[in-house]
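Participant: Below is the structure, and that's it, no one-letter string:
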Ligand code: ADP
Ligand code: GLC
């Protein structure tokens, strides 16, 4: 089967979060199962820096606009581990400082930027090879499904090609003003509540949900959660309607990237049988965060995250005064919303011996935090899958999480540390504090803690099985459409 991926991120070239990890690893797993996969992403400035002057494979694709056309190039990103990469090159849209926004807000032309990506992928596929199925990711690629089933409806080569949409995060939907219908040359009769309209906006993700042949999301629990008002963010109604075509498939992990036995980014390698290297990683991490004289009995709690409301930083801020009274140090790596950046920096200034923050995006440091911490904190308000807690397990770093989405599905708390982590329910920060206290209690019992680490390190969330589940979804849509 030939599968074309369309997405706004793919690691390591373009990454702000877990979407990039999935778009990088899932295609490789599909290739291992014998399928052919092509991945299209924008040729962002950051991609151009990493891959300057790739061969041009299509000199000009026409992207029509109301009174003019844009012309984009498609670049050959080469084949890595069997996966063909293509870049959509449109400098006025993608040769920018960042992918989606500046500190003062989203780029105002995001609808055009990602609408163009979708049209370019369709047009390029007609030239490079029409796939058996399109697999689109999040709102940024959702327009592909909408276009296929509307303005491309009568295209004889695309008519029978299904599209599968994966919702990585229903909190980001791509809301744009009504005039977007005209800019993207979409018929006005699609601007209704049953199709693209929501609160007088054009909602890209909603369009993707309405027009894709099948929908997946990245854990079973989140697949249920998004059908409720609390997590559906206004899309719960349409998701309930489509629940027969909605599947929760838990993300896997790319263990070539995230395994302390071979990780290139950490101070020393280690395994479940020989944890000496983890101590070295702990020392290295504390040094990197400028923390001195941290005793072995002190628990090092790590955080790697986008700084966003989703991630539950308000809970952490609320318990900070209590937390610092415990025998812990807290090291946080992240970037994102300025509000949280400032708040967390303030916390670190208030408790310099206990709390450290590095405000940046730094892949090497993310690996160091995973390897060098004793515990990993992820109190997300919602978490479609969450990859960091799964990485933590492999690094013997015990996750403390809120029981939601993929966190609920991957982390199991049992009395006396008999599970693989700690979790709390509800929205009270006191419940987070309690979970941390439970973790600290087990931490003091070195044997129980060691067993817990072993248990997590033995767990394997590889991509093989999820990839097979995706293939079953693809096959189902192909069958239904023919
Ligand atoms: P989300 O996609 O919602 O941000 P995930 O847990 O699925 O959450 O994935 C986050 C990914 O982004 C992980 O690979 C994590 O290591 C990485 N990441 C997040 N913040 C940073 C950062 N500041 N520096 C480096 N990597 C980061
Ligand atoms: C999103 C979600 C995260 C998930 C990732 C990859 O960014 O917030 O929970 O792990 O996508 O699917």
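Facilitator: It's in. Please read all numbers here as calculations on a predicted model, not as lab measurements. Ligands and ions are numbered 1, 2, ... in the order given.

Participant: List the strands paired with the helix or strand hosting residue 86, with their directions.
Facilitator: Secondary structure here is read from DSSP states H and E; on that basis residue 86 sits in strand 83-89. Under the criterion DSSP bridges, strand 83-89 sits next to strand 36-42 (parallel), strand 69-80 (antiparallel) in its sheet.

Participant: Please identify the deepest-packed of those.
Facilitator: Each of the strands paired with strand 83-89 was assessed for mean neighbour count using mean count of other Cβ atoms under 10 Å. The highest is strand 36-42, with a mean of 24. Backbone N, C-alpha and C define where each C-beta goes, glycine included.

Participant: So is stretch 351-368 next to ligand 2?
Facilitator: No: on the criterion Cβ under 6 Å from any ligand atom, stretch 351-368 is out of touch with ligand 2, staying 14.0 Å away.

Participant: Show me which residues of the stretch 301-450 of the chain sit near ligand 1.
Facilitator: Selection of the stretch 301-450 of the chain residues close to ligand 1 by Cβ under 6 Å from any ligand atom yields 304-306, 333-335, 361-363, 366, 385-388.

Participant: change it to 5 Å
Facilitator: Neighbours of ligand 1 within the stretch 301-450 of the chain, by Cβ under 5 Å from any ligand atom: 304, 306, 333-334, 361-363, 366, 386-388.

Participant: Between which two of those is the distance greatest?
Facilitator: 362 and 386 (19.4 Å; Cβ to Cβ).

Participant: between these two, which one's more packed in?
Facilitator: Between residue 362 and residue 386, counted using other Cβ atoms under 10 Å, the more crowded position is residue 386 (30 against 17).

Participant: Count the neighbours of the residue nearest to that one when sequence neighbours are not counted for me.
Facilitator: If you skip the residues right next to it in sequence, residue 386 has residue 406 as its closest partner in space, 4.6 Å away by Cβ to Cβ, 6 or more residues apart in numbering. As a burial measure, the neighbour count of residue 406 was computed by other Cβ under 10 Å and equals 27.

Participant: quick one: residue 406 is in a strand?
Facilitator: No: if the criterion is DSSP: H, G, I helix; E, B strand; the rest coil, then residue 406 is helix and not within a strand.

Participant: Pretty sure it sits against residue 383.
Facilitator: Yes: counting by Cβ atoms under 8 Å, residue 383 is a contact partner of residue 406 at 5.7 Å.

Participant: I'd like to know how far the residue nearest to residue 351 when sequence neighbours are not counted sits from residue 437.
Facilitator: In this structure, residue 351 finds its nearest non-sequential neighbour in residue 324, 4.8 Å apart by Cβ to Cβ, 6+ apart. Between residue 324 and residue 437 the computed distance is 13 Å (Cβ to Cβ, to the nearest Å).

Participant: So the two - more neighbours on which side?
Facilitator: Applying other Cβ under 10 Å to residue 324 and residue 437 shows that residue 324 carries more neighbours, namely 16 against 13.

Participant: In contact with that one: list those residues for me.
Facilitator: Listed by Cβ atoms under 8 Å, 6 or more residues apart in numbering, the contact set of residue 324 reads 330, 351, 354-355.
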